[in-house]
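Peer 1: sequence first, then the predicted structure:
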Amino acid sequence: MAGRIEDYALIGDMQTAALVCRDGTVDWLCLPRFDSHAVFAGLLGTEEHGFWRIGPAHAAGAEPPTSDRRRYAGDSLILESEWDQPGRGSVRITDFMPPRDGAPQLVRIVEGLSGRVRMRSALRMRFSYGRITPWVHKVDGRTVAVAGPDSVWLDTEAETHGEDLTTYSDFTVSAGERIAFTISWQPSHHHPPHLPDPEGALTATAEFWRDWVEQCTYRGPYREAVVRSLITLKALTYAPTGGIVAAPTTSLPEEIGGVRNWDYRYTWLRDAAITLSSLLRTGYREEARAWREWLLRAVAGDPENLQIMYGIAGERELGEAELDWLPGYEGSTPVRVGNGAAAQLQLDVYGEVTEALHLAHMTGLARNDYASLLQLKLIRYLEDHWNEPDEGIWEVRGPRRHFVHSKVMAWVAVDRTIKLIESGDADGPLERWRELRDDIHRDVCEKGYDPERNTFTQSYGSKELDASLLLIPQMGFLPPDDKRVIGTIEAIQRELSTEDGFILRYPTEGDEAGVDGLEGDEGAFLACSFWLADDLAMIGRVDEARKLFEKLLGLRNDLGLLAEEWDSKHQRQVGNFPQAFSHVPLIDTALRLTASGAYGG
């Protein structure tokens, strides 16, 4: 069985990523891209669906030993895991994926630290998410697995042998000795990939991350948490295009054993836009420029039919399917690939995209005339559609509603475009759009606010609350000291809080289909909990905000990584992992608290 979600480490090359468990098992890897079929899908099934374990040898039938220590090597994505074997010695495994200019590689270097330790590598490649067993054979001393269009090559100096459709290597490592294993993906009809240089790749990878982190301009408290989150966001960026995936995984459940299992290996405009804002505010302009270029290509020629998400190269067709041969993470089915929500109407996306373009403009990113033209076209679309119901930020699969957050973000889109025109960098019907901005604002305040409870509501005419309402003051829709804002914050804190003080997105109905059209419940949504900390700081409750922020930091795993949600009942992370939508608000809250003077030093 796969480990707990927080037991995993992330390694990647800015084109795909792998998850490595504490026992040295790679249980998830898609090749050659984030959204490709998995070669190791044990995370969503069993070892029969593909894995690669390297660690100290253990008795047949016994659980493999977990590492005694693990860490990233400095500010990098190079994982170091160490085992102490009483009476034998200690060993370290260094796992990484070098940023590529050729074939994607996963490199694992075994290093003896003391004594002599007996080791085993067990490599079981299964293509197409564990469904296809490849043909494994030797070519010029190299081991290659081939099935259809894919081939994966194993290179190592250690002796290997095949048994039970698995490639094994049994070897002993002594103090000071280093033995490397590398797998490389290549289209099966191409020539074999070049022989790897593991040590040279390790040096180059360390240099890459060192140079990248040096660009960070944040020097405030909790810099380690901020930098680790930035590295994670960089790892979720698809370097060839600038697209940013929401997470490198699919179908890690929001409720263990439940049906809320989705594929996050795509670029949500919302997630990517807020990621862009965090990168810009911490000094990363090149990533912002690349994402803006990705956006313009993805939307090109059809801004009126803006999708909420695209493929990492701008693909529009993301058809959803279920993989019925996979039993799911801890029995959580169905396992889904693709995402049917791509066809939804979510009006808030127009606001997030416009806000991102506005921030890029305000921070001095070189002007792009087409970006300004796109912004104007988006507002012209909103003029005719802002007052329609939609599926909202949370991609409900129930009936469309007039979600308050969607209307607020439509207001944001118009407001930021007015500011663009006022700056002289675009032309548009200024007075007409000022009236539109006022109309949206008035509509929200009249129809989306419950005066008896002094709170905004999830949708027009509803009584439900929604944590997305916490963004009202952050977007400038109303000032933080407005009594309606304070009332909304306090209502959410009171009615959507879990027993340990974290925030749910909205009420769910257990076995009954709720507002989102789905059965089951989910964990506390970590982004919403960070939003609450932001709001508390904005209304002057800074100490409370700082305590909540530090409590949220305590939910990170030992490597500083967060999934999408927190299961308060079972005290564990749930949802896809690691999640950009959790790490972005971590950065934002640290910046806000630092600016508010929440830290004494």
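Peer 2: Right, received. Where do you want to start?

Peer 1: contact partners for Leu469?
Peer 2: Val404, His405, Thr455, Phe456, Thr457, Gln458, Thr488, Ile492 (Cβ atoms under 8 Å, 6 or more residues apart in numbering). Yep, even glycine has a C-beta here, placed from its N, CA and C like the rest.

Peer 1: and of these, the nearest to Pro248?
Peer 2: Distances from Pro248 to the contacts of Leu469, taken as Cβ to Cβ, are shortest for His405 (26.8 Å).

Peer 1: that closest one belongs to a helix?
Peer 2: Yes. His405 forms part of a helix when assessed by DSSP: H, G, I helix; E, B strand; the rest coil.

Peer 1: in space, what's closest to Trp411 - neighbours in sequence excluded?
Peer 2: Closest residue in space to Trp411, ignoring its immediate chain neighbours: Ile440 at 4.4 Å, by Cβ to Cβ, 6 or more residues apart in numbering.

Peer 1: which residues does the helix or strand harbouring that neighbour contact?
Peer 2: In the assignment (DSSP states H and E), Ile440 maps to helix 430-447. Residues outside helix 430-447 that contact it (Cβ under 8 Å, 6+ apart): 379, 382-383, 386-387, 402, 404, 407-408, 410-411, 414-415, 417-418, 421-422, 456, 460-461, 477, 484.

Peer 1: give me that answer again for 7 Å
Peer 2: 379, 383, 386, 404, 407-408, 410-411, 414-415, 417-418, 421, 460 (Cβ atoms under 7 Å, 6 or more residues apart in numbering).

Peer 1: what does stretch 552-571 give?
Peer 2: Against stretch 552-571 from outside (Cβ under 7 Å, 6+ apart): 5-6, 9-10, 70, 72, 222, 225, 228, 232, 252, 254, 498-500, 502, 522-526, 529-530, 573-579, 581-583.

Peer 1: distance check, the residue nearest to Trp411 against Glu330.
Peer 2: The gap separating Ile440 from Glu330 is 44 Å, by Cβ to Cβ, to the nearest Å.

Peer 1: between the two, who's got more neighbours?
Peer 2: Ile440 (23 against 15; other Cβ atoms under 10 Å).

Peer 1: pLDDT score for the more buried one?
Peer 2: The model reports Ile440 with a pLDDT of 98.

Peer 1: same deal with the one 3 residues further on?
Peer 2: Per-residue confidence for Asp443 comes out at a pLDDT of 98.

Peer 1: show me what counts as buried in the helix holding Ile440.
Peer 2: For helix 430-447, the neighbour count (16 or more other Cβ atoms under 10 Å) marks Trp433, Leu436, Arg437, Ile440, His441, Asp443, Val444 as buried.

Peer 1: for the stretch 101-250 of the chain, what spans make up the helices?
Peer 2: Assigned by DSSP state H, counting those that start in this stretch, the stretch 101-250 of the chain shows helices spanning 127-130, 198-213, 223-235.

Peer 1: got the CA coordinates for the first one in CSV?
Peer 2: When you say that, I think you mean helix 127-130. Output of helix 127-130 as CSV, limited to C-alpha atoms (Å, rounded to 0.1, in the frame of the first residue of the first chain):
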residue,chain,number,x,y,z
PHE,A,127,3.2,1.8,-18.8
SER,A,128,-0.2,3.4,-19.3
TYR,A,129,-1.0,3.9,-15.5
GLY,A,130,0.0,0.4,-14.6
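
Peer 1: report the two of the contacts of helix 430-447 separated the most.
Peer 2: Of all pairs drawn from the contacts of helix 430-447, the widest gap by Cβ to Cβ lies between Ile421 and Tyr460 and measures 29.3 Å.

Peer 1: who's the closest residue to His190 other than its chain neighbours bridged to?
Peer 2: Spatial nearest neighbour of His190, chain neighbours left out: Ser151 (8.0 Å); criterion: Cβ to Cβ, 6+ apart. Ser151 has these beta-bridge partners by DSSP bridges: Val146, Gln186.

Peer 1: just checking, Ser151 touches His191?
Peer 2: No. Counting by Cβ atoms under 7 Å, Ser151 does not reach His191; the two are 10.5 Å apart.

Peer 1: tell me which of these two has more neighbours.
Peer 2: Ser151 (25 against 7).

Peer 1: distance check, that one against Val139.
Peer 2: Distance from Ser151 to Val139, by Cβ to Cβ: 10 Å.

Peer 1: spit out the contact partners of Ala298.
Peer 2: Tyr310, Gly314.

Peer 1: got the buried residues for the helix or strand containing it?
Peer 2: Secondary structure assignment for Ala298, by DSSP H and E: helix 285-299. For helix 285-299, a neighbour-count test (16+ other Cβ under 10 Å) marks Glu287, Ala288, Arg289, Ala290, Trp291, Arg292, Trp294, Leu295, Leu296, Ala298, Val299 as buried.

Peer 1: again, but for stretch 91-104
Peer 2: Residues of stretch 91-104 classed as buried: Val91, Arg92, Ile93, Thr94, Asp95, Phe96, Met97, Pro98, Pro99, Arg100, Ala103, Pro104 (neighbour count, 16+ other Cβ under 10 Å).

Peer 1: ok, now stretch 175-195?
Peer 2: Neighbour counts over stretch 175-195 (16+ other Cβ under 10 Å) mark Ile179, Ala180, Phe181, Thr182, Ile183, Ser184, Trp185, Gln186, Ser188, Pro193 as buried.

Peer 1: next: stretch 251-269.
Peer 2: 251-256, 258, 260-269.

Peer 1: quick one: the contacts of Leu469 as JSON lines, columns for secondary structure, neighbour count and pLDDT too.
Peer 2: Below are the contacts of Leu469 laid out as JSON lines (DSSP: H, G, I helix; E, B strand; the rest coil; neighbours: other Cβ atoms under 10 Å; pLDDT from 0 to 100):
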{"residue": "Val404", "secondary structure": "helix", "neighbour count": "27", "pLDDT": "98"}
{"residue": "His405", "secondary structure": "helix", "neighbour count": "28", "pLDDT": "97"}
{"residue": "Thr455", "secondary structure": "strand", "neighbour count": "23", "pLDDT": "98"}
{"residue": "Phe456", "secondary structure": "strand", "neighbour count": "27", "pLDDT": "98"}
{"residue": "Thr457", "secondary structure": "coil", "neighbour count": "21", "pLDDT": "97"}
{"residue": "Gln458", "secondary structure": "coil", "neighbour count": "25", "pLDDT": "96"}
{"residue": "Thr488", "secondary structure": "helix", "neighbour count": "27", "pLDDT": "98"}
{"residue": "Ile492", "secondary structure": "helix", "neighbour count": "25", "pLDDT": "97"}
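
Peer 1: surely Pro248 meets Phe34?
Peer 2: Yes. Between Pro248 and Phe34 there is a contact under Cβ under 7 Å: 5.6 Å.
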